[in-house]
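S.K.: sequence and predicted model, in that order:
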Amino acid sequence: MAQTYKIRAVYNTPMADSISKTNEAQFIKDLRRRDPGAVAQLYNTYADRIYSLVFHQVGRNHEVAQDIVQETFVAALKSATKFRNQSKVYTWLCSIANNKVSDFYRRQKRQAKYQTMEALEADQIGDETLAADFAETGERQADARQALSSLPLHYRQVLILKYVEEMPVLQISKIMGRSPKSIEGLLTRARKELRAKLAIPSEG
């Protein structure tokens, strides 16, 4: 694996090609035996997407995001023998990356509660009223970003996975290690708290 990760994208860029389902089984076998080609393919296919996911969970801190991307792929190689093809490779990597982000915040807890995370795009929150608020420019948009940054990490993670990564609840549940019902509840609470911080009434 390359020692230095060169970022090719920051966020919301076209997704890298995924490893096809027909080739996935052989790919995992090659990965388990540390085949250099498979290792390179894993990294080249998913590194930018994992970086983008992590970047917005660590206060848009480029150096921290780089470190966590590296940790994620190292951990993936170490745990490849445990991967049973019960989820997509990207889902598996997202789960590892989320755990690494949580580890990072645990290490940083004594120094700061959470680093600032700036920004979901205006139309990625899912609720029309809330999305419109994020579409505002200037002071109101800054308020929305500040409110989002103050949410607990698990709220930020679930919002990113749902509205930025556009993942279904079932896939999010695998990544976050929760039941689908728990994820639905988490999304409801995350949206509610974000609206409350922005003084936006719930719809319906």
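M.R.: That came in fine, so what should we check first?

S.K.: where does the prediction get shaky in the protein?
M.R.: Under the criterion pLDDT under 70, the flagged ranges of the chain are 1-22, 109-145, 164, 200-204.

S.K.: show me how the record splits it into domains.
M.R.: With automatic domain parsing as the criterion, the domains of the chain are listed as 21-108, 128-198.

S.K.: got TSV for these, with mean neighbour count too?
M.R.: C-beta: built from backbone N, CA, C; applies to glycine. Output for these, formatted as TSV (neighbours: other C-beta atoms under 10 Å):
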stretch	mean neighbour count
domain 21-108	17
domain 128-198	17
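
S.K.: not counting its neighbours along the chain, what's nearest residue 102?
M.R.: residue 153 (6.7 Å; C-beta to C-beta, 6 or more residues apart in numbering).

S.K.: now that neighbour: how far from residue 190?
M.R.: According to C-beta to C-beta, to the nearest Å, residue 153 and residue 190 sit 11 Å apart.

S.K.: for residue 159, same thing?
M.R.: Going from residue 159 to residue 190 by C-beta to C-beta gives 5 Å.

S.K.: before we move on, what about residue 30?
M.R.: 38 Å.

S.K.: likewise for residue 105?
M.R.: 17 Å.

S.K.: report the secondary structure state of residue 58.
M.R.: Using DSSP: H, G, I helix; E, B strand; the rest coil, the structure places residue 58 in coil.

S.K.: I figured it hits residue 103, correct?
M.R.: No. If you go by C-beta atoms under 8 Å, residue 58 and residue 103 don't touch, sitting 11.3 Å apart.

S.K.: quick one: the helices in this protein?
M.R.: With DSSP state H as the criterion, the chain has helices at 21-32, 36-55, 62-78, 89-108, 128-135, 139-149, 153-159, 169-176, 180-198.
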